[in-house]
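In: Provided below for reference: sequence and predicted model.
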Amino acid sequence: MADGRRQQANKLPNPTIGLEVDNFAPGPSNNVGGAETTLMLSQLIELGGKRDARVSAALGDYESTRWEKEASRLELLSETTIAFVEAVSLQRRIWLLDRQAVALEKLVPLMQRRVEAGASSPSEVSRTQAAVGMARLEGQRARLALAVARRELAALMGHDTPDFSSVSGDFGRVVRPAPLDNLIKAIDDNPQLMRWTAIRAQRDGDLLVARLKPIPDVTASLGWRYYTENGESAIRLGVSMPFPVMDRNRGGIREAQENVQKVNAERAMNRLNLVAVVAKAHDTANSQLQQLDLLRKTILPSARQTLSTIEAGYGQGRFTVLEILDAYRTVAEAELMEHEALASFHTAVATIEGLTASPVNLARAR
């Protein structure tokens, strides 16, 4: 569309052809002499560089639209990556919940033997089965969310329905993002900001067009006149131009000037918004890395060690069902927290990549 406007701005005005018949009256008339027929060809000649100014504004519009297209491409890429992360995240969540349910189900036969031996109450089996049911229910909810996520991902990929049954990704690939100052510097190369240079050129062109508008254009005409009365013909030349007295386009010039001044404020506001988004994504990524470090080095090892100890002692009657279920719940919650931190981290990374137009190099965590 912008290329079409650019092409059209370079075109010259069309010539005008006209036919005039003077002293023409139907029937006999004493007041009207012989008819005079004139064939005229007129051409508007733009003065003051109006065409060049119009082309300059159209070129700025074209460049602005080209950068806008690139910004839309990056935005779509980021949205698709985030949708992909969501799908991978839900698949992994389902796997975690299913694994937790299987682990709890393995406790049921042990508890039943304790009940048969009179060492435990039947309520212990019921509580464990309820915990298994809750894990299965969460798994079903995650499967529903996954179906929605797959459809959203397929739509972003241009498909009516998903043509894939699963997605594959490694959530263990993490790395600390570059310093925020480096990311802010990279923001200046974002197409959303690059296009403001083209917009400034476009509005400078619009201002020049507004300033040149009061300059009158010349209309030159060339004609051939035929006199019916004596059968003679003659050439007719004409030149005309508007007299710029009533309209000097001062309002249009003022509007164009304000639009030029507005560019800097609009770019600054756009840049601040992008910096705020990338700063939030940067803080989120670093925060999730800190949580992952704490979970992996302290919380998960302690929770798993506690569960292992209670599992070994439960068969000997040294722990109650509440204690072992609480230990399972603690491990499950810690694993899901680790999972959510990873999902949030990768979503933040996708946001950063979309704003900086460059990939964040990821390394497998150790």
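Out: Sure, I can see it.
In: Show me the strands in the stretch 251-366 of the chain, by range?
Out: Ranges of strands within the stretch 251-366 of the chain are 363-364, based on DSSP state E, counting those that start in this stretch.
In: low-scoring stretches of it, by residue?
Out: Residue ranges of the stretch 251-366 of the chain with pLDDT under 70: 315-317, 361-366.
In: host element of the spatially most central residue of the chain?
Out: Central residue of the chain (Cα atoms, centre = their mean): residue 75, 3.4 Å from the mean position. Secondary structure assigned from DSSP states H and E places residue 75 in helix 50-105.
In: before we move on, what about residue 211?
Out: Short version, using DSSP H and E: residue 211 is in helix 191-212.
In: Let me see the mean pLDDT of the following helix or strand past that helix.
Out: Next helix or strand after helix 191-212 toward the C-terminus (DSSP H and E): strand 218-227. The pLDDT scores in strand 218-227 average 92.
In: cool, stretch 16-29 as well?
Out: On average, stretch 16-29 scores 76.
In: what's around the closest residue to residue 121 other than its chain neighbours, how many residues?
Out: In space, and not counting its chain neighbours, residue 121 is closest to residue 115: 7.0 Å by Cβ to Cβ, 6 or more residues apart in numbering. All C-beta spots, glycine's among them, are computed from the backbone N, C-alpha and C. When neighbours are counted by other Cβ atoms under 10 Å, residue 115 registers 15.
In: And residue 216, by the same measure?
Out: 13.
In: what's the burial count for the closest residue to it other than its chain neighbours?
Out: Nearest residue to residue 216 in three dimensions, chain neighbours excluded: residue 241, at 4.3 Å (Cβ to Cβ, 6+ apart). Other residues near residue 241 come to 14 when the count uses other Cβ under 10 Å.
In: Torsion angles phi and psi at residue 241?
Out: Backbone torsions of residue 241, given as degrees, to the nearest 10, read phi -150, psi 150.
In: Mind telling me what element residue 135 is part of?
Out: Counting by DSSP H and E, residue 135 is part of helix 122-156.
In: could you give the angle of that helix to helix 50-105?
Out: Relative orientation of helix 122-156 and helix 50-105, computed by axes from the mean of the first three to the mean of the last three Cα atoms, to 10 degrees: 160 degrees.
In: Okay, now the sheet partners of the following helix or strand past helix 122-156, with direction.
Out: Following helix 122-156 in sequence order, the next helix or strand is strand 173-174 (DSSP H and E). Strand 173-174 has the following sheet partners, assigned by DSSP bridges: strand 363-364 (antiparallel).
In: Using PDB, list the CA coordinates for the very next helix or strand once past the helix holding residue 75.
Out: The helix or strand immediately downstream of helix 50-105 is helix 107-116, counting by DSSP H and E. Extracted in PDB, the C-alpha atoms of helix 107-116 (Å, rounded to 0.1, in the frame of the first residue of the first chain):
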ATOM      1  CA  LEU A 107       1.300 -45.900  48.800                       C
ATOM      2  CA  VAL A 108      -2.200 -47.300  48.800                       C
ATOM      3  CA  PRO A 109      -1.300 -51.000  48.900                       C
ATOM      4  CA  LEU A 110       1.100 -50.400  51.800                       C
ATOM      5  CA  MET A 111      -1.600 -48.500  53.700                       C
ATOM      6  CA  GLN A 112      -4.100 -51.300  53.000                       C
ATOM      7  CA  ARG A 113      -1.700 -53.900  54.500                       C
ATOM      8  CA  ARG A 114      -1.300 -51.700  57.600                       C
ATOM      9  CA  VAL A 115      -5.000 -51.400  57.900                       C
ATOM     10  CA  GLU A 116      -5.400 -55.200  57.600                       C
END
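In: Now do the buried residues in helix 107-116.
Out: For helix 107-116, a neighbour-count test (16 or more other Cβ atoms under 10 Å) marks 107, 110-111, 114 as buried.
In: ok, now stretch 76-87?
Out: Quick answer for stretch 76-87 (16+ other Cβ under 10 Å): 78-87.
In: Can you give the distance of it from its chain's centre?
Out: Relative to its chain's centre, stretch 76-87 lies at 12 Å (Cα atoms, centre = their mean, to the nearest Å).
In: what sits against residue 79?
Out: By Cβ atoms under 8 Å, 6 or more residues apart in numbering, residue 79 lies in contact with 156, 354.
In: shift numbering so it begins at 82
Out: With 82 as the first residue, the last one maps to residue 160.
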